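S.K.: 3D, please:
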Amino acid sequence: MNVRRSAAVLAAVAVIGAATPAAADTTPSPSQALPSALYGDGDPQYDGVWRQSLALLAQHTVGVEPPKAAVDWLTGQQCADGSFAPYRADTATACDAKTMVDTNQTAAAVQALAALGGHDDVTEKAVGWLKSVQNKDGGWGYTAGGASDTNSTSVVVGALAAAGEKPAEVKKDGKSPYDALLTLALPCEGDGAGAFAFQPDKKGELVANADATAAGVIGSLGAGLAAGPGKGGSGEAACEKAGDPEQAAANGAAYLTDALAENGHLTSALAGAEDQPDYGNTADAVVALAAQGAGEQAAKSLTWLEKNAAGWAAQSGPAAYAQLIFAAHATGADPRDFGGTDLVKRLGATGPAAEKTLKAKADEKKEKEESDSGLGVWWFVGVCLVAGIGIGFLISGRRKRQP
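M.R.: This next block holds a predicted model:
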């Protein structure tokens, strides 16, 4: 659910477009100059809001206050109805039917802005729009009206939770997003037991998808992109019939554990190309396993990422750095020393100059208070000394006047 999803998202949009005709995308792609407040230097036409949201959320997660300009850029991308498109070069022009808004960008923006705080007006409108495009099965597709998929439904669940909603109570025709996720979870018999499918295939069958499974675990737990470590779970438990989202999450974690067991990472299979490590999906799997409580495998795969993912992140940009920061956060690792790489510094370098860390601001405030307190003490001492000198002169004068 990040930079590695670019191809998958575009494919999903193509599938949706084949089923339900959509308006042409007239969102302008920048020719050269990008907004100085935007993270990354790649074309933001398909992922501008997504990568900005992940960057801001990742910085907040590690105690860094994002630059105000970067936050303002994100809030300024919102359409009047509350939705977000991937990138609007001219925000002075109102969104219309041709503006390709989507649930993923909108939900990611909600998660980031809710974490930062102070943007209730933006997040409330965004959540209102997300509720208005919920499908009858309780889930969400990438675009409004598109068939529900695990990834989109899960990122919206994270947005609802971040905004203070109870996802189980957000229903359409009596169905909640958890109902939709359960219908996309594979049974415990056959190939891919316990995994999640992205969507049913053309024959209506569910096919295991590691990308969707990582998202499905997080969504079934009611967590978000920056999920923290869970308690008491295990990725090694046997798959059991999923009668509730908690069991579906446990089954998905068990599937991911098996998939990661051999070499510590997941693979990406592209037509006509050799299988390659899927760094982004592996990072998401680490977050999912840690959130479920399957810390042992999460730690092993994090170690693999520490040794191998720096080059991928440098090439992929801010969303990739954010993914790795989320993986470190979920497992209790130090993102400032991630296999020798300072992910926080590298992420910050892809955007506008970062503000001081929250800790640095607190320390600065404390130092100022102590300094002011010290000045107060010395001021009091000085007053006393002056008063003492004055009293001394007064007594001396009186003595000289005495006969």
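S.K.: any weak-confidence spans in the chain?
M.R.: Per-residue confidence of the chain (counting by pLDDT under 70) places the weak regions at 1-32, 232-236, 269, 271-273, 354-403.
S.K.: same thing but at 80, please
M.R.: Low-confidence regions of the chain, defined by pLDDT under 80, span residues 1-32, 231-237, 269-274, 354-403.
S.K.: Where do the strands of it begin and end?
M.R.: With DSSP state E as the criterion, the chain has strands at 267-268, 276-277.
S.K.: so Ala215 touches Val155, yeah?
M.R.: Yes: using CB atoms under 8 Å, Ala215 is in contact with Val155, at 7.1 Å. (Each C-beta comes from the backbone N, C-alpha and C, glycine too.)
S.K.: Give me the more crowded residue out of those two.
M.R.: Remark: of Ala215 and Val155, Ala215 carries more neighbours, 32 against 29, as counted by other CB atoms under 10 Å.
S.K.: if we can go back for a sec, would you format the strands of the chain as TSV with distance to Ala37 included?
M.R.: Putting those into TSV (distance: least, CB to CB, whole Å) gives the following:
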stretch	distance to Ala37
strand 267-268	32
strand 276-277	33
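S.K.: Would you quantify the distance from Ser152 to Ala37?
M.R.: Using CB to CB, to the nearest Å, one obtains 27 Å as the distance from Ser152 to Ala37.
S.K.: neighbour-wise, which of those two wins?
M.R.: Ser152 (30 against 18).
S.K.: wait, what's in contact with that one?
M.R.: When contacts are counted by CB atoms under 8 Å, 6 or more residues apart in numbering, Ser152 touches Thr103, Asn104, Ala107, Gly139, Trp140, Gly141, Tyr142, Gly146.
S.K.: Out of the strands of the chain, which is the most enclosed?
M.R.: Comparing the strands of the chain by mean neighbour count (mean count of other CB atoms under 10 Å), strand 267-268 comes out on top with a mean of 17.
S.K.: That one packs against which elements?
M.R.: In this structure, strand 267-268 makes packing contacts with strand 276-277, judged by 3 or more CB pairs under 8 Å, 6 or more residues apart in numbering; DSSP states H and E.
S.K.: Return the distance of the strand it packs on from the chain's centre.
M.R.: 23 Å (CA atoms, centre = their mean, to the nearest Å).
S.K.: please begin residue numbering at 402 from this point
M.R.: All set: I'll call the first residue 402, so the last point we hit is now strand 677-678.
S.K.: Describe which strands that strand pairs with in its sheet and in which direction.
M.R.: With DSSP bridges as the criterion, the sheet partners recorded for strand 677-678 are strand 668-669 (antiparallel).
S.K.: residues in contact with the spatially most central residue of the chain?
M.R.: Relative to the mean C-alpha position of the chain, the nearest C-alpha, by CA atoms, centre = their mean, is the one of Leu626, at 3.9 Å. Contact criterion CB under 8 Å, 6+ apart gives Met402, Leu455, Leu458, Ala509, Gln512, Val556, Gly559, Ile619, Val688, Phe727 as the residues in contact with Leu626.
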